[in-house]
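[1] Compute the structure for the input listed below.
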Amino acid sequence: MNEDRSGELTRRSLLKRGAAGATAGAAAVTATGNATAQGSLYGGYLSDTENFEGETADATGMSEVTVDVGAGTSGLLFDPAAVVVDPGTTVKWNWTGNGGAHNVYHDDTLSSVEEQLFFSGEAANDSGVLYEFTFESSNTAVHPYVCQPHRALNMNGVIVVGSDNLQGDTYPFGEVEETLNAVAVFGGAAVFGTTALLGLSAYREMFGDDAEADH
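    Numbering: from 1, shown residues only. This is a model prediction of the structure:
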């Protein structure tokens, strides 16, 4: 009885280790790919921003666009992180009320323009559209911005005015959640399948195909 129980615990431990290794490997590959995609775009301004995957939300053709302030589970993101708009578009920043007090601060020292175009003022933790700015034809450029209280946590965003200033690929504005959900589902399925195969292979290698005959 003791030997059987010991063997059972050993097999369980092996399977757990196999699952952990597969998950870590998949995460490492994903992180490497994301870093490569993000690194050179917009001067690397979004390279450490959690919800930027190297693609810009395409909001061209829209007269108004809303960006959430305090998005994500931590409430420390702008969503979408990067968006391209036409000249004449009004961008509205909508505070979610999550993640503490936020503001929208145009990083003019890092922009291609020589003056600060937009600044929402003192950080606020209210909810709703608390600030908006209309980007005119004279504002055609890449405009990086940040939440000042959370600069160290990479709460960064980019407004691209004019398609000529776009860098990298795009996805339709408003499909962020659907895209992320699809990635999560298929990514989870891939990791689960890899984990199952590695676990079964290791199990058979150590205990043989007839290991279940003991039960």
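
[2] can we go C-alpha only for contacts and neighbour counts from here?
    OK.

[3] Give me the secondary structure label for G157.
    strand (DSSP: H, G, I helix; E, B strand; the rest coil).

[4] Hmm, A81 and it touching each other?
    Yes - with contact defined as C-alpha atoms under 8 Å, G157 counts as touching A81 (4.7 Å).

[5] Find residues that contact each of the two.
    L46 (C-alpha atoms under 8 Å, 6 or more residues apart in numbering).

[6] any idea how far S138 lies from T90?
    To T90, S138 is 14 Å away according to C-alpha to C-alpha, to the nearest Å.

[7] how near is E64 to D79?
    15 Å.

[8] same thing with V146?
    V146 is 12 Å from D79, by C-alpha to C-alpha.

[9] Kindly report the same for D86.
    18 Å.

[10] Which one's more surrounded, these two?
    Between D86 and D79, counted using other C-alpha atoms under 10 Å, D79 has the larger neighbour count: 24 against 21.

[11] May I ask which helix or strand encompasses N94?
    Per DSSP states H and E: N94 is located in strand 89-95.

[12] Could you list the buried residues of that strand?
    By 16 or more other C-alpha atoms under 10 Å, the buried positions in strand 89-95 come out as 89-95.

[13] what's the answer for stretch 42-52, then?
    So for stretch 42-52, counting by 16+ other C-alpha under 10 Å, buried means 42, 45-52.

[14] Looking at the residues you listed, spot the one nearest A123.
    T49 (19.7 Å; C-alpha to C-alpha).

[15] quick one: pLDDT of the closest one?
    What the model reports as pLDDT for T49 is 97.

[16] Quick check: V142 touching V161?
    Yes - with contact defined as C-alpha under 8 Å, V142 counts as touching V161 (6.3 Å).

[17] can you list contacts of stretch 93-112?
    Residues outside stretch 93-112 that contact it (C-alpha under 8 Å, 6+ apart) are 66-71, 74-76, 114-132, 141-150.

[18] switch to 6 Å and redo it
    When contacts are defined by C-alpha atoms under 6 Å, 6 or more residues apart in numbering, stretch 93-112 is touched by residues 66-70, 74-76, 115-116, 118-120, 123-129, 131-132, 143-147.
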